[in-house]
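Visitor: this one's structure only:
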């Protein structure tokens, strides 16, 4: 065989047979859509492969998109919702499968506050989104400007009043952003106008750095109906302009009494503790689970030296007697210095706030969880001047809590102590049992790391 013939046989292969239409070469895209769906379904667990298929051509993109998004969508830097709605209308299969969606608006750079949202959102936008996604269960609203609600004026048009839309049920609704403020032109009434459209299992938010004009509180007439949420979590990372207090006051006015079952709030100052007490007075009747804690700086433990827990001196304003059905309570205790430094002494005993909260709690408690953060030394467990863990042994008695089933003590230890206790965790457990002999003898105490 000549070299030229050998070269031709190696590099010039016979094209595949012609199947459906006239074409010089056949590709995978010439297969029926049903077969393409079967092929793509075999690699749906490989995110990289599925994403690559969506970028190859229009044919594979159409087949791969629903596997690429699976049951969740995440859309960021939204300037306008028109493009998102057009995409959803053009892909009904994706709409049927989508159960979770996260939305974040576009932002602009602000020298003082970092980034501020510029995209507006209102009730009509959210309503159209829920209509396009019939199986939606979780909604995450990031950084947006909430428009004031457009309420009808019955004085001008007596027929303008309409029945509120039916409640839309969601398993989860989250709001807020860690890095973008709530702008001054955003309306707290517009935000709660949207919330009142839903019946929510879990409602949570992080109002970090949100800016809001505290002079314009919630307008109750903007609500479709009282807000329904089974669980409410408000995290604290340092709000400004007292917006956290405005938000707590809005929840106090808008939540339906007796419906809330679980409340988890991080407070940054004593004014917020008082606002939480007012919230409990209104909605605490149905609560079964509660966690209220101060939030130390998100930095090394040494940065807590100057931090004051707002609950240390204002725990009485919570008035947990307004929660007669409470079954579970979480208490958090933070040490103020790392293990190799001397603990500051200019603050109250660390356990007094938690023990005081338990003295207000009803006898219906079944579970008490105590979180001990950054324990510096084992001997600190028996320190009565700084920690005084023995107060819990005095408060948690059989007569006070006859239904109690478990006292769970979670201990996170300082890094210097962690190196020493790699194989001697039992020493810490034994020390805890000696400090809390009453709970240990009753078989209620459980210590975990």
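Guide: On my side now, so go ahead. What you see is a predicted model, and the numbers here were worked out from it, not measured in a lab.
Visitor: for the stretch 151-300 of the chain, which spans come out with low pLDDT?
Guide: Low-confidence segments of the stretch 151-300 of the chain (pLDDT under 70): 151-164, 178-185, 207-215, 237-241, 299.
Visitor: ok, which stretches of it are strands?
Guide: Along the stretch 151-300 of the chain, the stretches classed as strands by DSSP state E, counting those that start in this stretch are 168-176, 198-206, 228-234, 262-267, 289-294.
Visitor: Make TSV from these and add mean neighbour count and distance to residue 98 to it.
Guide: (Glycine included, C-beta is placed from N, CA and C.) Shown next, in TSV, are the strands of the stretch 151-300 of the chain (neighbours: other Cβ atoms under 10 Å; distance: least, Cβ to Cβ, whole Å):
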stretch	mean neighbour count	distance to residue 98
strand 168-176	17	13
strand 198-206	19	17
strand 228-234	20	22
strand 262-267	21	27
strand 289-294	21	30
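Visitor: Tell me, how many residues neighbour the residue nearest to residue 49 when sequence neighbours are not counted?
Guide: Ranked by Cβ to Cβ, 6 or more residues apart in numbering and with sequence neighbours excluded, the top spatial neighbour of residue 49 is residue 43, at 4.6 Å. The tally of other residues near residue 43 (other Cβ atoms under 10 Å) stands at 15.
Visitor: next one: the one 5 residues further on
Guide: Residues within reach of residue 48, counting by other Cβ under 10 Å, total 8.
Visitor: which one is the residue nearest the centre of the chain nearest to, not counting chain neighbours?
Guide: Nearest to the geometric centre of the chain sits residue 204, at 4.7 Å (Cα atoms, centre = their mean). Leaving aside its sequence neighbours, residue 204 sits nearest to residue 233 (Cβ to Cβ, 6+ apart; 3.9 Å).
Visitor: The one you found contacts residue 206, doesn't it?
Guide: No: Residue 233 sits out of contact with residue 206 when judged by Cβ atoms under 8 Å, with a separation of 9.0 Å.
Visitor: Now do the strands in the stretch 301-449 of the chain.
Guide: Going by DSSP E, counting those that start in this stretch, the stretch 301-449 of the chain shows strands at 328-334, 367-375, 406-413, 445-448.
Visitor: Parallel or antiparallel, which strands does the first one pair with?
Guide: Translated: strand 328-334. Strand pairing for strand 328-334, using DSSP bridges, gives strand 289-294 (parallel), strand 367-375 (parallel).
Visitor: now do the shortest one
Guide: Looking at strand 445-448 with DSSP bridges, its paired strands and their directions are strand 406-413 (parallel).
Visitor: tell me the domain ranges of this protein?
Guide: Annotated domains of the chain cover 1-70, 75-448 [automatic domain parsing].
Visitor: among these, which is the most enclosed?
Guide: Highest mean neighbour count of the domains of the chain: domain 75-448, a mean of 17 (counted as mean count of other Cβ atoms under 10 Å).
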